[in-house]
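[1] Sequence and computational prediction follow.
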Amino acid sequence: MVEGGSMAKGKGTAGAGDKQKDVRMANIISAKQVADAVRTSLGPRGMDKMIVKEKGEVIITNDGATILNKLEVNHPCAKMLVELSKAQDVEAGDGTTSVVVLCGSMLKAAQTLLGKEIHPSDVAASFLKCGKLAHEILQDMSTKIDIHDRETLIKAAITSLSSKVVSQNSALLAPMAVDSVYKVRNKTNDNVDLKNIRVVTSVGGTVDDTELVTNGTIFKQRASGSAGGPTKITNAKIALIQFQLSPPKTDMEMQVAIKDYQQIDRVIKQERQYILNLCKKIKEAGCNVLLIQKSVLRDAVNDQSLDFLAKMKIMVLKDIERTDVDFITKTLGCLPITHIDHFKAEKFGYADLVQQEATPEGKIVRVTGVKQATDPMRMSLMSQPTATCLIRGSNNLLAAEAERSFHDALCVVRSLVKTKAIVPGGGACEIELSLNIQKKARELTGIDSYCAKQYAEAFETVPYTLAENAGLNPIRTVTELRNKHVEENKSHGINVRKGCVSDMDAENVVVPLLVPLSAVKLATETVAMILKIDDIVHTR
């Protein structure tokens, strides 16, 4: 009886072990499939993906975070790679494709080790140790920079844009990204808040027509001209209101029964008088440009109020988004006004010119010559500088991709301001990590040696993919690159434009240290997390 019980217990354990292996393999395979989906988009010669939404909307991009964000992924571990790409986008802003490809390669290495009956916990622990070693190697091969060296920052921004659709316009967009970051940089702690940089897209013209507005901003909302209001105001006094210029409603749902036309006339007269009083107070305060926030309770403005304001020669921009209010107050120095009783000149912003301009897509309103505040309240509000970038494109697809590319360039410059160090691109970091970790693996013994060797080989996938996507012979190119690094040429990488291995520093192909640091750390932690999962439990 005891023997039979022992056998039964043994079968049960074996069955549980098989299930754990199946779950782990399913997790690894699903995550690798996500990595393979974006692998062809890596590098300057990477391919673009056309994403078609349910309603027929089309997006063309090779940005890893955008592609994965739009994918319909069902498997939980595949979703982890989508979140990994988002995390890289938040942390560094660039390398969103590289981090997913690297994670897929590490999972393949882990799969090989699991096939040799090495326990997943040992693999995960070894990978995390190697991740710390990789962090030290990257720090050693990095070059410190001066953030006031504008040319170095432009080189890094151009490298970021080289893999985008707008790569031919990088000579224009890269300096613009650097100047934007310089404008909004906090001089005391070198902190850069990208919310202070507003990117506005407009269809019409080409990307070469893109411009940076530093002392003003641009609104996509057109001036309300239905009642014949002005479209150009000099010496503008700008007010931003958060109350409604329309007849008030009751606090609860109710109906008012009107029995004769005299009551109707009385209601209309009262509404007209109410709106006229509001408009008179706005005019008396001296305002000549009125920004009206979009309202969810009732119409923020109606035709009658627009007619009154037009006769008073007040320019009106309606439907200002709630999310834009913070940027507008910092840029123009106007405080949001929540009630007509608080409508005073001390809450206005001042500018030399507010003018409506025509574009092929429609009309935009440009504010230029914003005057600096003199009173303490507005001075503290305008203490954080802002910048606005107007990006043009021949169609919606190109304009949207140019906006995403410009955001990546901004993130790269922000990363450089944050870490103040660069490393060579073109796969130089990855091959250097591979060689150094393999060298360390030969010094280790036991399971750690096997795991470190596989972890090191995983890094070769990035230069291999770069060469493959560029149409080069990947095996010969990666072998040549490895030989260069063995000869202590640490800055050599794959030059996809010339089709050879060359010095990346001489070619001005550099990336912020934060990008590979973040990618290695996040990919290693994700792989360790996936390896420790041995079952998936579905709950209601």
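    Arrived safely. Numbering: from 1, shown residues only.
[2] Flag the shaky bits of the stretch 401-540 of the chain, pLDDT-wise.
    Applying pLDDT under 70 to the stretch 401-540 of the chain picks out residues 540.
[3] Quick one: the strands in it, in order.
    Ranges of strands within the stretch 401-540 of the chain are 421-424, 492-495, 500-503, 510-512, based on DSSP state E, counting those that start in this stretch.
[4] Pipe those strands into TSV and attach distance to Val289 and mean neighbour count per row.
    Using the backbone N, CA and C atoms, a C-beta is placed for each residue, glycine as well. Compiled in TSV, the strands of the stretch 401-540 of the chain are given as follows (distance: least, Cβ to Cβ, whole Å; neighbours: other Cβ atoms under 10 Å):
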stretch	distance to Val289	mean neighbour count
strand 421-424	44	22
strand 492-495	52	26
strand 500-503	55	19
strand 510-512	41	28
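[5] Can you check which of the ones you listed gets nearest to Leu435?
    The minimum distance between Leu435 and the strands of the stretch 401-540 of the chain falls on strand 492-495, with 11.9 Å, by Cβ to Cβ.
[6] In its sheet, which strands sit next to that closest one, and in what direction?
    strand 500-503 (antiparallel) (DSSP bridges).
[7] Could you tell me which ranges of the stretch 151-300 of the chain sit under the pLDDT cut-off?
    The model of the stretch 151-300 of the chain has pLDDT under 70 over residues 227, 250-252.
[8] now the strands: where do they sit in it?
    Defined through DSSP E, counting those that start in this stretch, the strands belonging to the stretch 151-300 of the chain, from first to last, are 197-203, 211-213, 216-219, 232-241, 289-293.
[9] contacts for the last one?
    The one in question is strand 289-293. Under the contact criterion Cβ atoms under 8 Å, 6 or more residues apart in numbering, strand 289-293 has outside partners 233, 236-242, 245, 282, 300-301, 309, 314-322, 325, 328, 334, 336, 351, 354.
[10] if we go to 7 Å?
    Outside strand 289-293, the residues that touch it by Cβ atoms under 7 Å, 6 or more residues apart in numbering are 233, 236-242, 245, 282, 300-301, 309, 314-318, 320, 322, 325, 328, 354.
[11] For that strand, list the C-alpha coordinates in CSV.
    Extracted in CSV, the C-alpha atoms of strand 289-293 (Å, rounded to 0.1, in the frame of the first residue of the first chain):
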residue,chain,number,x,y,z
VAL,A,289,-9.3,88.3,-27.2
LEU,A,290,-11.5,85.8,-25.4
LEU,A,291,-10.6,82.1,-25.0
ILE,A,292,-13.6,79.9,-24.0
GLN,A,293,-13.0,76.5,-22.4
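[12] Next, the buried residues of the following helix or strand past it.
    Past strand 289-293, further along toward the C-terminus, the next helix or strand under DSSP states H and E is helix 303-311. By neighbour count, with 16 or more other Cβ atoms under 10 Å as the criterion, the buried positions of helix 303-311 are Gln304, Ser305, Leu306, Asp307, Phe308, Leu309, Ala310.
[13] mind putting these in CSV, pLDDT included?
    Putting the buried residues of helix 303-311 into CSV (pLDDT from 0 to 100) gives the following:
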residue, pLDDT
Gln304, 86
Ser305, 88
Leu306, 88
Asp307, 89
Phe308, 88
Leu309, 89
Ala310, 89
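[14] is it possible to export those to a markdown table including distance to Met176?
    Converted to a markdown table, the buried residues of helix 303-311 look like this (distance: Cβ to Cβ, whole Å):
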| residue | distance to Met176 |
| --- | --- |
| Gln304 | 43 |
| Ser305 | 39 |
| Leu306 | 36 |
| Asp307 | 41 |
| Phe308 | 41 |
| Leu309 | 36 |
| Ala310 | 37 |
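[15] related to what we said a few turns ago, which among the contacts of strand 289-293 end up buried?
    Among the contacts of strand 289-293, the ones that count as buried by 16+ other Cβ under 10 Å are 233, 236-242, 245, 282, 300-301, 309, 314-318, 320, 325, 328, 354.
[16] which other residues reach stretch 92-103?
    Contacts with stretch 92-103, where a contact means Cβ under 7 Å, 6+ apart, come from 34-35, 38-39, 41-42, 63-65, 68, 81, 84-85, 88-89, 160, 408, 411-412, 414-415, 461-462, 465, 514-515, 518-519, 522-523, 526-527.
[17] Which of those residues fall in helices?
    Applying DSSP state H to the contacts of stretch 92-103, the entries found in helices are 34-35, 38-39, 64-65, 68, 81, 84-85, 88-89, 160, 408, 411-412, 414-415, 461-462, 465, 514-515, 518-519, 522-523, 526-527.
[18] returning to what we had before: tell me the most buried of the strands of the stretch 151-300 of the chain?
    With neighbours defined by mean count of other Cβ atoms under 10 Å, none of these is more surrounded on average than strand 289-293, at a mean of 24.
[19] what pairs with that one, and is each one parallel or antiparallel?
    Sheet pairing for strand 289-293, using DSSP bridges, gives strand 232-241 (parallel), strand 315-320 (parallel).
[20] Touching the longest one from outside, list them.
    Going back to what we said before, that points to strand 232-241. Residues from elsewhere that reach strand 232-241, judged by Cβ under 7 Å, 6+ apart: 286-293, 315, 325, 328-329, 332, 334, 336-337, 343, 347-356.
[21] what separates that strand from the chain centre, distance-wise?
    Here the centre of strand 232-241 is set off from its chain's centre by 32 Å, with Cα atoms, centre = their mean, to the nearest Å.
[22] again, but for stretch 405-417
    How far stretch 405-417 lies from its chain's middle: 9 Å, per Cα atoms, centre = their mean.
[23] now stretch 75-86
    Stretch 75-86 has its C-alpha centroid displaced from the chain centroid by 17 Å (Cα atoms, centre = their mean).
[24] CA atoms of it as PDB?
    Output for stretch 75-86, consisting of C-alpha atoms alone and laid out as PDB, is shown next (Å, rounded to 0.1, in the frame of the first residue of the first chain):
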ATOM      1  CA  HIS A  75      -2.100  36.300 -24.200                       C
ATOM      2  CA  PRO A  76      -1.100  37.800 -20.800                       C
ATOM      3  CA  CYS A  77       2.700  37.300 -21.400                       C
ATOM      4  CA  ALA A  78       2.400  38.900 -24.800                       C
ATOM      5  CA  LYS A  79       0.800  41.900 -23.100                       C
ATOM      6  CA  MET A  80       3.800  42.100 -20.800                       C
ATOM      7  CA  LEU A  81       6.000  42.900 -23.900                       C
ATOM      8  CA  VAL A  82       3.500  45.700 -24.900                       C
ATOM      9  CA  GLU A  83       3.800  47.100 -21.400                       C
ATOM     10  CA  LEU A  84       7.600  46.700 -21.600                       C
ATOM     11  CA  SER A  85       7.700  48.900 -24.800                       C
ATOM     12  CA  LYS A  86       5.500  51.500 -23.000                       C
END
